[in-house]
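Let me see the structure of the following:
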Amino acid sequence: MKRNLLTILLAVGAITLTQAQVRPQGGGAADTTRRAPGAALGSGVRAQPKPYNQVITDKALTRKGMITTHKIEDKYYFEIADTTLGRDILVVSRISKSGTEVRAAQGYAGDVIGSTVIRFDKGPNNRIFMRKISFKTYSPDSTTAMYQNLKNSSIQPIAASFNVAAYSPDKNGSVIDVTDYINSDNDIFYFSSPMAKTRFRLGSQLADRSYIQNIRSFPTNVEISTVKTYSLSAATTSGFGGGAPAAAGGAGGSTGSATIELNTSMVILPKVPMKARYADPRVGYFTVGYTDFDLNPQGVKEIDLIKRWRLEPKPQDLAKYKRGELVEPAKQIVYYIDPATPKKWVPYLIAGINDWQKAFEKAGFKNAIVGKMAPTKEQDSTWSIDDARHSAIVYKPSEIANASGPSISDPRSGEIMESHINWYHNVMKLVHDWYMIQTAAVDPRARKVTFSDELMGDLIRFVSSHEVGHTLGLLHNYGSSSTVPVENLRNKKWVEENGHTPSIMDYARFNYVAQPEDNITSKGLYPRIGDYDKWAIEWGYKYLDGKGAGDETATLNKMVIESAKNRRLWFGTESNPDDPHSQNEDLGDNAMKASDYGIKNLKVILPQLPAWTKEPNEGYENLANMYGQLTTQFGRYMGHVAKNVGGIYENPKTVEQAGSIYERVPAATQKEAMDFLNRQLFVTPKWMLTQSILDNIDQNPLEVVSRLQGSTLSRLLSSNTLSKLVAAEATDGATAYKITDLFGDLNNSIFTELKSNATIDVYRRNLQKAYVDKLIAIVKPAAPAPTAVNAVLTGRGGNIPTGLSASQSDVVSVVKGQLRDLDKTIKSAAGSQGDTLSKYHLQDLSDRIEAALDSKKD
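Okay, here's the model as predicted:
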């Protein structure tokens, strides 16, 4: 399936440039070396290298390292050894300190603003070139004609050119003046793209207010600290990142300036890349990739490599490892805790990191990962959180209610080089609200505006573990929770032993299914590192013999096939819009049963919210927030259920595995989903409309209900759902849940009053109007632009042809038919309706339908 990957060599890796091959061209790379004062050079004449001691004088502040750096007054020099030339260097740029203007656009200390790979090469005429390296294409065998062809077609761009100011005394190194380049606004050391600056409304750099703060050298990296001031552009109407901001100083208005401190880390990559591991869609890992020109003799092949840390046994422990004994890795994975973190939360963050040690034991390693407090200046004056050699959880004074786990990896192999987890202060507000609204019915500790430090610490530990999982390479596993039978979530013994989901990488949050009478403790309510997480770490990190990734493929495939016998080890991607097994915020193997239990708990919580959210001398902001959280949670349940309608299960497989990859949700399950939506949503959920609460938080009950019903109708009547139902009928025939079945169920739920001639209350009138309007929008779009029904109608797995237009599908035909049938029923009911408002409402609906179906008005 895939071939051995020893080392990713770029096609241009061995290019040696001669003077004839490279000539300065107009518009090319700038000469970034300053001319010595008083030097008068003729046209085309370049400054010649000087004796070393005339450039690097005894006034130089010198720091030895990967690249030796020299500071002489306001100039900075790199002394690059010949052994460093041609080496791949990872450049990672971050914000070190941000001002109010940048922070308002969610720019915080530790945020990455650029990442790339560079390489220094010798050029002609005593020059050093800095190339920007791409790894998008690859031909591993240098003996083939393909390698040479790719080499000729993939020359790496020269991003900057430097005159050699002097050669080192031993003639084995070159000194270049980097002052002007570092002071410039370039996309190598700073913002990697114009869009990266647009996000923060930053315009052009203001040179008179920008300067180099410091450059430090270490054995494997160089750290560059700069202060940059940019013009601050007015925000566009599309918001941050939604197009270029108004030009600084021009129309649209510059609104001043913004000053930020930046840190650029230059980290030398391993001379021999880590042995890569091919990705597998059945195990969830982040990836890096390239286009391979050798693996497929009749074309190209897209290759994905998983992102993971280099975790290998020490040579002296290899025999023990192969015998199955746990060994410590040659290099431990270490995460430091930002010194700015409140002290009381540090133990919980560290515990969240260390929780992964058990998972790595499945891969054969003990003490593979550890969390530590960052050293103080007194303990290590050279340690810096901006140093790319150090991974850290960075605590940010932010109102953002979130956390995130990015990582920087070697594009040649997927090796994770470092990670800075973003820990925003307000994440505690997020987990507080989740926990209260999902567990307050069963956990008395959750019935407070301010949780105890112990409870909040436990929640911080869970989030820490989740984000660390991302930085170990793991994707979200939205399908994990669907492998648990719903009733097991109420079984105290079972759920406390196994947890409510097999993966902490799921967005399963907390066990909202557990009922008060179940007496389940926090062990059965919190997420934890589970069976899937341990399996995924074993698959990604287990050390295997073989020279390259291709040698491992068969072994890894067998591991995945064997894991398929245990459904708890299943991976469900977060990007599948069709599979109801893969959803965020859901629990259990049956969304209808789980959501019924969740709603029972919401009904317990709602009457208590005024008491649980009360604070002395405060208003009702807490109550308003938690009421919003409650209705949002209810809306999630509706979404979990609605995804079953037209749903298609996906189970990725290789050809060695039996069964189909795609399977449509059984008609009985879809019918169960529609019955749930009728009794819990379309029958007005008036239990939610406690007037004493609504009167204190300025909420219109009609808007609350309309918002929940409208979003669910939009999903059920989307082109994606309707087209899948049409395709299902073509595939499964009479056993399918058809598009006409959907409309039959909707009509029976939404227009119940027409059969009994009952009064239609205001909530139901709004629901019926919303339903009819959405049907009309399908047959008569408001705008001429392509709409939902004009979208390409495709089945998962190629069960129907792609490219069907609205006129070719049954969607519009069925919707028109539904409107005609509704119009007849509505007219008949209006004539005998005794309630005036109900009658007016029905007459209005009839008018809308007739106008929509009147071809003369088109």
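
next structured bit after the helix or strand of the chain with the lowest mean pLDDT?
Among the helices and strands of the chain, helix 145-153 carries the lowest confidence by mean pLDDT, DSSP states H and E, at a mean of 61. Next helix or strand after helix 145-153 toward the C-terminus (DSSP states H and E): strand 158-167.

Using PDB, list the CA coordinates for the very next helix or strand once past that next one.
Later in the chain than strand 158-167, the nearest helix or strand by DSSP H and E is strand 173-177. Output in PDB follows, covering the C-alpha atoms of strand 173-177 (Å, rounded to 0.1, in the frame of the first residue of the first chain):
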ATOM      1  CA  GLY A 173      31.800  29.700   8.900                       C
ATOM      2  CA  SER A 174      30.300  32.900   7.400                       C
ATOM      3  CA  VAL A 175      29.400  36.100   9.200                       C
ATOM      4  CA  ILE A 176      26.300  38.000   7.800                       C
ATOM      5  CA  ASP A 177      24.700  41.200   9.000                       C
END
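
Adjacent strands (with direction) for strand 173-177?
The pairing partners recorded for strand 173-177 under DSSP bridges are strand 75-81 (antiparallel), strand 158-167 (antiparallel).

Quick check: buried residues in the shortest one?
To tie it back to what came earlier, the one meant is strand 75-81. For strand 75-81, burial by neighbour count (16 or more other CB atoms under 10 Å) applies to 75, 76, 77, 78, 79, 80. Every residue, glycine included, has its C-beta placed from N, CA and C.

Among those residues, which one sits closest to residue 176?
Comparing the buried residues of strand 75-81 against residue 176 with CB to CB places residue 78 closest, at 5.3 Å.

For the closest one, name its beta-bridge partners.
Beta-bridge partners recorded for residue 78 (DSSP bridges): residue 69, residue 176.

which residues sit in contact with it?
Going by CB atoms under 8 Å, 6 or more residues apart in numbering, residue 78 touches 67, 68, 69, 175, 176, 178, 222.

what do you get if the cut-off is 7 Å, keeping everything else the same?
Neighbouring residues of residue 78 by CB atoms under 7 Å, 6 or more residues apart in numbering: 67, 69, 176, 178.

any idea of the pLDDT on the first one?
Think residue 67. Note on residue 67: pLDDT of 96.

my guess is it contacts residue 83, does it?
No: checked against CB atoms under 7 Å, the pair residue 67 and residue 83 is beyond contact range at 11.1 Å.

So for these two, which sits in the more crowded spot?
Neighbour comparison, residue 67 and residue 83: the larger count goes to residue 67, with 24 against 10 (by other CB atoms under 10 Å).

so where do the strands sit in the stretch 51-200 of the chain?
61-63, 68-72, 75-81, 89-97, 112-123, 127-133, 137-138, 158-167, 173-177 (DSSP state E, counting those that start in this stretch).

got it, and the stretch 551-700 of the chain?
Going by DSSP E, counting those that start in this stretch, the stretch 551-700 of the chain shows strands at 648-650, 662-664.

The first one - contacts with which helices or strands?
In terms of contact count using 3 or more CB pairs under 7 Å, 6 or more residues apart in numbering; DSSP states H and E, strand 648-650 is assigned the packing partners strand 662-664.

Give the buried residues for the strand it packs on.
Buried residues in strand 662-664, counted by 16+ other CB under 10 Å: 662, 664.

what does stretch 455-475 rub up against?
The contact list for stretch 455-475, computed with CB under 7 Å, 6+ apart, reads 284-286, 306-309, 335, 345, 348-349, 351-353, 355-356, 393, 403-405, 407, 416, 419, 421, 427-428, 431, 435, 445, 504-505, 522, 526-527, 529, 533, 536, 540, 574.

Tell me which residues touch the closest residue in space to residue 762 that isn't next to it in sequence, please.
With sequence-adjacent residues excluded and distances taken as CB to CB, 6 or more residues apart in numbering, residue 762 is closest to residue 702, at 6.7 Å. By CB under 7 Å, 6+ apart, the contact set of residue 702 is 762, 763, 766.

mind running it again at 10 Å?
Contacts for residue 702 were tallied using CB atoms under 10 Å, 6 or more residues apart in numbering; they are 689, 762, 763, 765, 766.

that older thread, nearest to residue 831 among the strands paired with strand 173-177 would be which one?
Using CB to CB, the nearest of the strands paired with strand 173-177 to residue 831 is strand 158-167, at 78.1 Å.

rewinding a little: of all pairs in the contacts of residue 78, which one is the farthest apart?
Across the contacts of residue 78, no pair lies farther apart than 69 and 176, at 11.0 Å, counting by CB to CB.

Now do the shared contacts for those two.
By CB under 10 Å, 6+ apart, residue 69 and residue 176 have these common neighbours: 76, 77, 78, 79.

Could you single out the nearest of those to residue 657?
Nearest to residue 657 out of the shared contacts of residue 69 and residue 176 is residue 78 (CB to CB; 54.2 Å).

returning to that earlier point: what's the closest of the strands paired with strand 173-177 to residue 685?
Among these, strand 158-167 comes nearest to residue 685, with 59.8 Å by CB to CB.

Just want the angle from the closest one to strand 112-123.
60 degrees (axes from the mean of the first three to the mean of the last three CA atoms, to 10 degrees).

Now strand 158-167: average pLDDT?
In this model, strand 158-167 has a mean pLDDT of 96.

mind listing what residue 159 touches?
By CB under 10 Å, 6+ apart, the residues touching residue 159 are 29-30, 116, 118-119, 129-133, 181, 186-189.

Can I get the buried part of those as one PyMOL selection?
Buried subset of the contacts of residue 159, written as a PyMOL selection, criterion 16+ other CB under 10 Å:
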select buried, resi 29+116+118+119+129+130+131+132+133+181+186+187+188+189
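
Mind picking the two most distant members of the contacts of residue 159?
Maximum pairwise distance in the contacts of residue 159, criterion CB to CB, is 19.3 Å, between 30 and 133.

Quick one: distance of stretch 659-673 to the chain centre.
With CA atoms, centre = their mean, to the nearest Å as the basis, stretch 659-673 stands 29 Å off its chain's centre.

go on, stretch 625-642?
Between the centre of stretch 625-642 and the centre of its chain there are 23 Å (CA atoms, centre = their mean).

returning to what we had before: between the shared contacts of residue 69 and residue 176, which is nearest residue 95?
For the shared contacts of residue 69 and residue 176, the nearest to residue 95 is residue 76 (21.2 Å; CB to CB).

For the stretch 751-858 of the chain, give me the ranges with low pLDDT.
Counting by pLDDT under 70, the stretch 751-858 of the chain contains low-confidence ranges at 782-808, 856-858.
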